[in-house]
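Trainee: Build me a model:
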Amino acid sequence: MPEIKLQQRQKALLSAQQILSSQLLQLPLLNLEQRIYDELQENPMLELAGEQKDTAGDIITDDDSFSDDDMPDSIERFSKSSLLKEPEQASPAKESSDGRLNFTYENAPQERFFQAVQHDSFDEQLLRQLALQEGFGEREVLIAIEILGNLDPDGYLTEETDVILAGLERSGMEVEEEEVERVLRKISSLDPPGIGVRDLRERLLVQLKLRESSSEPAAYSAAFRILSGFYDDFLHKRYDRLLKKLDISRTLLDGAMQLITALDPHPVEVFHDEGGHYITPDFIVTYENGELTAVLNDRSSLSIKVTEQYQGILKNRKAPKEEKQFIRFNLMRANDFAAALAIRRQTLLKVIESLMKAQYAFFVSGPEHLVPLGMKAIAGDTALDISTISRAVNGKYVQTRFGVFELKYFFSSSISTDEGDDMSSKIIRQYIAEMVKEEESLQPLSDDVITGRLRDKGINIARRTVAKYREQMQIPVARLRKKIF
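Mentor: Numbers count the residues shown, from 1 in each chain. Coordinates of the predicted model:
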C-alpha cells in the first residue's frame, strides 16, 4: 500500500494581471506601440480612442477607482512641487528656483512627423553599379546575386567557391569557377570597395590598389609591401621590426601607415544605417525657469479604450451562451490590458521622478555632476521592488538638454575620494578617456601612469580597475596606441 504524506508548502504565484504588467513595463516605446496594435487586432473589445490633446502627470493611487468597462480616456494635467535641498553642484539653478524643485509630467507631447523615405538595399545598389559595367550581362548579374546572397553582415565572403557553384547549379546554371572569380573581382572594386573579399588583409589591399594613382609612389610601394608580406607586424604595430625588414626611413614608414589607416575596414556600415535607426526617448526632461519638467512620451497607450458596443449582448437574455462567454472573456482581457498600461504609466512616472530628485545636478548642470546611484535607492524611494526598477529602466531613454541617455546610464557604483566624497565610476571613466585623448602619441600612458594621475586627483583605485574601465571603453593598451611620430 503506497504511503500517503501530508506536506505544507508556500509558493509564490503571479496572477495573469501581474505577468502582463511586467511584460508591458519592460517594453520600450516602439515595441509597446507594436504590442498595442497586435492586441487591437486580436481583441475585438479594444478600440482606438479619438485624437486626444490631454496631458498627464498625476499618478493613480490605490484610492483611485474606475470601472473595468469605463477606463479613463484622459488624465488631468498637474504640477507637483516638493521642497528639496539642491545639491551644491547645481548651484546655478538657485538663481531662479530659490530652493524649490517642481516636477511637471505631461503624457502627450506634440506630435512629430517623420517623412518615410524609400532606400535601395545594399545588394540593389551594388547590382545597379554592376549593370553599368562594360561586358556585364544577365548571366553575370545572376552570378553576382548568388555571391551577394552568401556574404556575411560585414561584406566578407565566408563560403567556398564550390558553395556558390552549387547554388547556381540548383538554379539551372552551369558556371565555371573562373567566371565566379571574375565577378568577385568586379564586386570588390565597386563603391564601397572591398566587398566580397575573404579577409581584412585582402580588403585593405583592394582599397589600396584603387588609390595607387593618387598616392605618392614611395609611400604606396611601402604600404603595399607591408600589407603583402608583413601584415602581422603591421597588425601588432611592431614599427621597429617593419623599419628593419623594409629598410626604409621613419618618414617613409609614417607615410605608408597614413595610407593604410585611411582605408575603410568596415565599408558595409555605411549601408547598415540606410533605414534610419532612431532612438525614440521614453521621457523628455527640460529645465526652464528653475523648474525640471518631465514629459512621458506615451501617446499610444492613451489611444485605446474598452469598447461599449457589445454591452447590449451581455444584457440580452436571448443572446447565445457562447457569444456571451466569448464577450466576457475578451472583455476581461481588454480591461486587464488597459489596466496594465495604466500601471506601466504610474511606474514609469514614479521612476523618472525619483531619478530627477537623485540626479538633479546632472539634469541641471551636465554629466560631470553625475552622482553614484544604485537601483536599491530608487526602489526605496518609490516603494517598488528592485526587479520592477530594472524592468522600468531596461531599454528606456530620456532626452535631456545634454543629449539622449539610456536610463541605465544614471546608475553607477561609487568610489571614495581622499576628501571622503563618493564619486561615480562613470566620472572616473571620463577622466581616463580625457587622459588618453591628451596623451603624447609617441609615449602613450600606461595603466600604471593613469592610476598615478588619478591618485593625484584624490581617487584611489587599483591598476586592474583602470584596465577594466579602459577595456570597457574599448581603448587599446598603450603599446597599440603608440604612433611613429
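Trainee: Please count neighbours and contacts with C-alpha atoms only from this point.
Mentor: Fine.
Trainee: What count of nearby residues applies to Ala319?
Mentor: Here the number of neighbours of Ala319 (other CA atoms under 10 Å) works out to 12.
Trainee: leaving aside the residues next to it on the chain, what's closest to it?
Mentor: In space, and not counting its chain neighbours, Ala319 is closest to Ile313: 6.2 Å by CA to CA, 6 or more residues apart in numbering.
Trainee: Distance of Leu20 relative to Arg333?
Mentor: 10 Å (CA to CA, to the nearest Å).
Trainee: more crowded one of these two?
Mentor: Neighbour count, other CA under 10 Å: between Leu20 and Arg333, Arg333 has more, with 19 against 16.
Trainee: who are the neighbours in contact with the more buried one?
Mentor: By CA atoms under 8 Å, 6 or more residues apart in numbering, the contact list for Arg333 reads Asn43.
Trainee: which element is it on?
Mentor: In the assignment (DSSP states H and E), Arg333 maps to helix 321-358.
Trainee: Tell me the helix or strand right after that helix.
Mentor: Following helix 321-358 in sequence order, the next helix or strand is helix 360-365 (DSSP H and E).
Trainee: burial count for the nearest residue to Gly395 once chain neighbours are set aside?
Mentor: In this structure, Gly395 finds its nearest non-sequential neighbour in Pro28, 5.7 Å apart by CA to CA, 6+ apart. Using other CA under 10 Å, Pro28 is surrounded by 19 other residues.
Trainee: and what of Phe136?
Mentor: With other CA under 10 Å as criterion, Phe136 counts 13.
Trainee: helix or strand for the residue nearest to it when sequence neighbours are not counted, which one?
Mentor: Take Phe136 and drop its neighbours on the chain: the residue closest to it by CA to CA, 6+ apart is Leu130, 6.9 Å away. Leu130 belongs to helix 122-131 when assigned by DSSP H and E.
Trainee: Centre of the chain to whatever helix or strand comes next after that helix, how far?
Mentor: Using DSSP H and E, the helix or strand that follows helix 122-131 towards the C-terminus is helix 138-148. Centre-to-centre, helix 138-148 and its host chain are 35 Å apart (CA atoms, centre = their mean, to the nearest Å).
Trainee: Which positions in helix 138-148 come out as buried?
Mentor: Glu140, Val141, Ile143, Ala144, Glu146, Ile147, Leu148 (16 or more other CA atoms under 10 Å).
Trainee: Equivalent analysis for stretch 173-181, please.
Mentor: Val175, Val180.
Trainee: Now find how far off-centre that stretch is within its chain.
Mentor: On CA atoms, centre = their mean, the centre of stretch 173-181 falls 42 Å from that of its chain.
Trainee: Quick one: end-to-end distance for it.
Mentor: Start-to-end, stretch 173-181 (CA to CA) is 16 Å.
Trainee: Please apply the same query to stretch 242-261.
Mentor: Stretch 242-261: ends 16 Å apart by CA to CA.
Trainee: Quick check, Ile389 in contact with Val351.
Mentor: Yes: judged on CA atoms under 8 Å, Ile389 makes contact with Val351 at a distance of 7.3 Å.
Trainee: Give me the common contacts of those two.
Mentor: Ile378.
Trainee: related to what we said a few turns ago, so how far is the helix holding Arg333 off the chain centroid?
Mentor: On CA atoms, centre = their mean, the centre of helix 321-358 falls 27 Å from that of its chain.
Trainee: Likewise for stretch 365-380?
Mentor: Worked out by CA atoms, centre = their mean, stretch 365-380 lies 20 Å from the chain centre.
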